[in-house]
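K.L.:
have a look at this fold, sequence not included:
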């Protein structure tokens, strides 16, 4: 099983760039701002990139250990989940169903 992220259907985003992106949760009416790194993560999530692939990309991009990136990314995604911006699911092997999960530890 792999961890996959889906963006809440009630969230809209401005196009992300190096300067960041703006998110709005239509359900709560709250607006959120992401910096350039957050915007990059958001874009990868929009593309359906897995947790591990995001970790690998960020570790290469910022020359940091996978462990440190994994911890930071987990914390970031948990905050997004608490704000109602994303949900985490476990993607099962072929033929099995996706199930929501609590937290983002992969």
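P.N.:
That came through fine. Given the structure is predicted, the values throughout are model-derived calculations rather than measurements.

K.L.:
count the neighbours of residue 46 for me.
P.N.:
13 (other Cβ atoms under 10 Å). Every C-beta, even on glycine, is put in place using the N, C-alpha and C of the backbone.

K.L.:
one more: residue 41?
P.N.:
23.

K.L.:
go on, residue 63?
P.N.:
Residue 63, neighbours per other Cβ under 10 Å, totals 6.

K.L.:
start and end of stretch 35-55, how far apart?
P.N.:
17 Å (Cα to Cα, to the nearest Å).

K.L.:
how many residues are close by residue 57?
P.N.:
15.

K.L.:
show me the contacts for it.
P.N.:
By Cβ atoms under 8 Å, 6 or more residues apart in numbering, residue 57 lies in contact with 44, 49.

K.L.:
for it, pull up the helix or strand it's in.
P.N.:
helix 51-62 (DSSP states H and E).

K.L.:
C-terminal to that helix, what's the next element?
P.N.:
Beyond helix 51-62 toward the C-terminal end (DSSP H and E), the next one is helix 66-82.

K.L.:
what's that next one packed up against?
P.N.:
Applying 3 or more Cβ pairs under 8 Å, 6 or more residues apart in numbering; DSSP states H and E, one finds that helix 66-82 contacts helix 36-46, helix 51-62, strand 86-91.

K.L.:
my guess is residue 18 contacts residue 36, does it?
P.N.:
Yes. Contact criterion Cβ atoms under 8 Å: residue 18 and residue 36 qualify, at 4.6 Å.

K.L.:
between those two, which one's more packed in?
P.N.:
residue 36 (13 against 9).

K.L.:
any stretches of this structure with poor pLDDT?
P.N.:
The chain contains residues with pLDDT under 70 at 1-4, 91-106.

K.L.:
can you point out the buried residues in the helix holding residue 57?
P.N.:
By neighbour count on 16 or more other Cβ atoms under 10 Å, the buried set for helix 51-62 is 51, 54, 55, 58, 59.

K.L.:
how about these in TSV, adding distance to residue 66?
P.N.:
Converted to TSV, the buried residues of helix 51-62 look like this (distance: Cβ to Cβ, whole Å):
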residue	distance to residue 66
51	11
54	11
55	6
58	9
59	5
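
K.L.:
cheers, nothing more for now.
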